[in-house]
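J.: next come a sequence and a model predicted from it.
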Amino acid sequence: MSGIIYIISAPSGSGKSTLTSELRRIVPDLEFSISYTTRPPRGSEQSGREYFFIGREEFERMISEDEFLEWAEVFGNYYGTAKRFLREAAARGHDLLLDIDVQGAAQVKCKAPDAVSIFVLPPSRQELERRLRRRSEADDDLQRKLMGNSARLFNTETIIQRRLQTASQEIENFGQYDYILVNDRLEESIDILKSVVEAERLKRSRAVLTSKDQLVLAVANRALRQPMMPQVETILTTFDLSRFPAVTE
């Protein structure tokens with residue numbers, strides 16, 4: 001089965017959705033796998049756009065029939081990537097982009113060791129919390145518009161604290177990823193992410209590299225896990241992690 005699998009993981013609020021949307025817009029022959037989930041749609045979400053929203057019974061049927069490349073249960077809801085997206089992308093000679101959590105990434109790397117994994121980090125815990133609060137306010141505003149001022153809103157503070165705690169746990173897995181991207185300045189982050197995708201394509205091609213290709217490789221190589229370690233360690237301290245995660249070679 002041909003085609004490169006690109007895995008992108010990040011704590012909620014790190015800006016991963018914006019990055020993947022821009023990457024899909026500017027990089028040709030890169031398909032995006034829309035995950036299946038049993039959680040209900042939020043706000044203006046539509047089935048087949050953000051997720052495929054299905055019932056728990058249907059999801060468990062897909063599990064039993066081995067239809068998922070990866071799946072996990074998070075906060076009582078199932079999330080999974082169907083194998084058919086990989087088959088369909090490969091048939092068209094395209095690469096596949098997966099936006100999945102650390103559990104799903106580990107499953108995919110086990111089944112497809114050549115998959116390229118990228119972990120997106122926020123610049124700090126403080127910045128992540130600021131982004132989560134800003135997004136939560138936007139969600140509340142949207143819910144009021146859709147349901148009126150009498151709408152019963154979620155317990156915002158509980159959700160934010162739970163996501164911050166989950167972020168600390170997810171960040172400890174950064175050592176399992178090939179590349180680390182600190183999403184501080186959006187345009188710069190998009191450029192780096194695009195370079196990573198292009199660099200991996202270059203590495204697997206047999207074409208003679210041009211001077212432009214060498215520049216792309218240089219940008220991507222700076223985002224490899226080992227060169228990023230000093231910056232990562234600084235970010236980890238803002239999450240009050242008592243130890244740095246083990247790095248898998």
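T.: Received it, and whenever you're ready, just let me know what you need. Computed from a prediction, not measured in an experiment: that's the story for all the values here. Numbering: from 1, shown residues only.

J.: give the rounded mean pLDDT of stretch 118-127.
T.: For stretch 118-127, mean pLDDT rounds to 95.

J.: likewise for stretch 38-56?
T.: Taken as a whole, stretch 38-56 has a mean pLDDT of 91.

J.: just the strands in this protein please.
T.: Here the chain has its strands, by DSSP state E, at 5-9, 30-32, 36-37, 52-53, 68-74, 77-82, 95-99, 116-121, 179-182.

J.: what helices or strands is the fourth one leaning on?
T.: Contact partners of strand 52-53 among helices and strands, from 3 or more Cβ pairs under 8 Å, 6 or more residues apart in numbering; DSSP states H and E: strand 36-37. No exception for glycine: its C-beta is placed from N, CA and C like everyone else's.

J.: worst-scoring helix or strand of the protein, pLDDT-wise?
T.: Every helix and strand of the chain was ranked by mean pLDDT, DSSP states H and E. The lowest is helix 125-147, at a mean of 72.

J.: picking up where we left off before, including mean neighbour count and distance to T238, could the strands of the chain go into a markdown table?
T.: Output for these, formatted as a markdown table (neighbours: other Cβ atoms under 10 Å; distance: least, Cβ to Cβ, whole Å):
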| stretch | mean neighbour count | distance to T238 |
| --- | --- | --- |
| strand 5-9 | 24 | 19 |
| strand 30-32 | 17 | 31 |
| strand 36-37 | 21 | 30 |
| strand 52-53 | 15 | 35 |
| strand 68-74 | 19 | 24 |
| strand 77-82 | 21 | 27 |
| strand 95-99 | 22 | 24 |
| strand 116-121 | 24 | 10 |
| strand 179-182 | 23 | 12 |
